[in-house]
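Q: Build me a model from this:
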Amino acid sequence: MSDQPPLQTGLLERRMGDWARHWLPPVLRDAILFVLKQGWAALFGGLLLGAALLTRVFWQPGWPVHRYDALFVFAIVVQLLFLALKLETWTEARVIVLFHLTGTAMEWFKVRVGAWGYPEPCFFRVMDVPLFSGFMYASVGSYMARAIRIFDMRFIPYPPFWQTFGLALLIYVNFFSHHFIPDLRYALFMGTLVVYGRTMIHFRITQRDWWMPLPLAAFLSSVALWIAENVCTTSGIWRYAGQHGHQMVSFSKMGSWYLLLYVAFMTVTLLDRDRFYPTAKGRSANSGQRVGMWSR
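A: Down below sits the predicted model:
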């Protein structure tokens, strides 16, 4: 069942929107608000990225707490603060937990086959994978769930559940199987267009509705994630096999993020089915209502 944003969350975000609309020039208002809302949706990931950069600069090898362990504790504290301050809903928190688990399982496999590794020591690790790594996946799920709420997104038309689930399952399995059989990513790229090609994301920045094809939104998000990944590898969080120093991450990883976003999207769908497949009762109860934040 889809939960409404907590009262404190809606009040805080609406006050932020009121302040921004008051001071922003009308001609640039929607463009700047779009960037601000994107940043607010990505707050969890942004804080983790900032912590990774800061610890890269200031952390000393001789300190009693390892850098990875500090990042792990930091991620937990941030998550608890988000809940305590009601900066996210319980549905969003469940998305984070589920995507954290699916991401950690992939990390265990990828590190074992040597696709990438974590060069620094730590205490909180399982099977050579630092436990903070799952929060990097969780930040993707957090962004997606928060963006859907903050932009009051609607997906029209939305594909049948069996198609979205089947595609996400094939994508997830391919991340493992391509080490043993031919990579199916090009077929999966086509699959995303077949399943979601007609789906438009309708979203609201202020009072005006905008729209964008879902695959295009996924591609743009994958570009942003690829940039963030370059920041993470530069800060020494992890290293791909054969990657040295400040070498740029391969453009092929952008395709990997593009596909992984559909797994994250499926995670959101599993935990917030009413938003994507509203019942007749839900449509009646929500008709004429908009719960988008920062817009009035």
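Q: in what helix or strand does the residue positioned nearest the centre of the chain lie?
A: By Cα atoms, centre = their mean, the chain has its centre lying nearest to Val140, at 1.7 Å. Here Val140, judged by DSSP states H and E, is contained in helix 133-150.
Q: How about exporting that helix as PDB, limited to the C-alpha atoms?
A: Output of helix 133-150 as PDB, limited to C-alpha atoms (Å, rounded to 0.1, in the frame of the first residue of the first chain):
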ATOM      1  CA  SER A 133      29.100  -0.800  -0.600                       C
ATOM      2  CA  GLY A 134      25.500  -1.900  -0.400                       C
ATOM      3  CA  PHE A 135      24.500   1.700   0.500                       C
ATOM      4  CA  MET A 136      25.900   2.900  -2.800                       C
ATOM      5  CA  TYR A 137      23.200   0.800  -4.500                       C
ATOM      6  CA  ALA A 138      20.700   1.900  -1.900                       C
ATOM      7  CA  SER A 139      21.400   5.500  -2.800                       C
ATOM      8  CA  VAL A 140      20.200   4.800  -6.300                       C
ATOM      9  CA  GLY A 141      16.900   3.300  -5.000                       C
ATOM     10  CA  SER A 142      16.600   6.200  -2.600                       C
ATOM     11  CA  TYR A 143      16.900   8.700  -5.400                       C
ATOM     12  CA  MET A 144      14.400   6.900  -7.600                       C
ATOM     13  CA  ALA A 145      11.800   6.600  -4.800                       C
ATOM     14  CA  ARG A 146      12.200  10.200  -3.600                       C
ATOM     15  CA  ALA A 147      12.200  11.600  -7.200                       C
ATOM     16  CA  ILE A 148       8.900   9.800  -7.900                       C
ATOM     17  CA  ARG A 149       7.300  11.500  -4.900                       C
ATOM     18  CA  ILE A 150       9.000  14.900  -5.100                       C
END
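Q: helices or strands up against the following helix or strand past it?
A: Counting by DSSP H and E, the next helix or strand C-terminal to helix 133-150 is strand 154-156. The contact analysis (3 or more Cβ pairs under 8 Å, 6 or more residues apart in numbering; DSSP states H and E) places strand 154-156 against strand 200-204. Heads up, the C-betas are built off the backbone N, CA and C, glycines and all.
Q: what's the distance between the helix or strand just after the strand it packs on and the middle of its chain?
A: Where DSSP H and E defines the elements, the next helix or strand beyond strand 200-204 is strand 209-213. Counting by Cα atoms, centre = their mean, to the nearest Å, strand 209-213 is centred 19 Å from the centre of its parent chain.
Q: Ok, stretch 149-166 next?
A: The answer for stretch 149-166 is 16 Å, by Cα atoms, centre = their mean.
Q: Then stretch 272-280?
A: 21 Å.
Q: Let me see the ranges of the strands in the stretch 101-250 of the chain.
A: 116-117, 125-126, 129-130, 154-156, 200-204, 209-213, 239-240 (DSSP state E, counting those that start in this stretch).
Q: how about the ones you listed, which one is nearest Leu49?
A: Comparison of those against Leu49 by Cβ to Cβ identifies strand 129-130 as nearest, at 15.9 Å.
Q: Okay, now the sheet partners of that closest one, with direction.
A: strand 125-126 (antiparallel) (DSSP bridges).
Q: what pLDDT, on average, does the partner strand get?
A: For strand 125-126, the mean per-residue pLDDT is 84.
Q: now that strand: how far from the chain's centre is it?
A: Per Cα atoms, centre = their mean, the centroid offset for strand 125-126 relative to its chain is 23 Å.
Q: backbone phi and psi for the closest residue to Ser139 other than its chain neighbours, please?
A: Distances taken as Cβ to Cβ, 6 or more residues apart in numbering place Gly45 nearest to Ser139, at 3.3 Å, with adjacent residues excluded. Main-chain torsions, Gly45, degrees, to the nearest 10: phi -60, psi -40.
Q: related to what we said a few turns ago, thought the residue nearest to the centre of the chain was touching Ala264?
A: Yes. Applying Cβ atoms under 8 Å as the test, Val140 and Ala264 come out as touching, 5.2 Å apart.
Q: any residues in contact with both of the two?
A: Counting by Cβ atoms under 8 Å, 6 or more residues apart in numbering, the contacts common to Val140 and Ala264 are Phe99.
Q: returning to what we had before: tell me which of the strands of the stretch 101-250 of the chain is the most buried.
A: Mean neighbour counts were compared across those using mean count of other Cβ atoms under 10 Å; the top stretch is strand 129-130, at a mean of 24.
Q: quick one: it to chain centroid distance?
A: Centroid separation between strand 129-130 and its chain, computed with Cα atoms, centre = their mean, is 20 Å.
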